[in-house]
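> Return atomic coordinates for the entry below.
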Amino acid sequence: MKKYYTPVFILTIILTNMACTSTISNVVESAEPDNILLVYEDGRMEFNSRFVNEDEVVIYNDGRGGERAAIKVRVPIHSDFYRDSIVVVRVADQFDETVVDGQHNAVNTDIIN
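Reported below is the predicted structural model:
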């Protein structure tokens, strides 16, 4: 009976290790894209599809030629803190165009001879 304990034990360890490794890699990949702060030319800042007040953001050099940011987070019960290590992406040549402006510039194809 002792002969069968060792292969079963080794097989159990291998299967457990494979399951834990695949779970950890999926969690890390899904959390990565959310850490981006968009800074527009006019000074607006957007984080997670929400605009952030510029008084609550600290932008600093990361030491590798890029920029990082810390955003002030408010939690009702606890004191305020800064969420750190957010990648800063500066957006250039971004124009806000309303639907009406787009309709005026469209070519009217109904008036063709």
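> low pLDDT regions in this structure?
Along the chain, segments meeting pLDDT under 70 span 1-5, 19-34, 94-113.
> ranges for the helices of it?
Taking DSSP state H to define them, one finds helices in the chain at 2-31, 99-104.
> Quick one: residues in contact with the longest strand anywhere in the chain.
With secondary structure taken from DSSP state E, the chain has its longest strand at strand 81-91. The contact list for strand 81-91 (C-beta atoms under 8 Å, 6 or more residues apart in numbering) reads 35-41, 47, 58-59, 66-73, 75. Every C-beta, even on glycine, is put in place using the N, C-alpha and C of the backbone.
> That one pairs with which strands, parallel or anti?
strand 36-40 (parallel), strand 67-73 (antiparallel) (DSSP bridges).
> In a markdown table, list those strands along with mean neighbour count.
Shown next, in a markdown table, are those (neighbours: other C-beta atoms under 10 Å):
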| stretch | mean neighbour count |
| --- | --- |
| strand 36-40 | 17 |
| strand 67-73 | 17 |
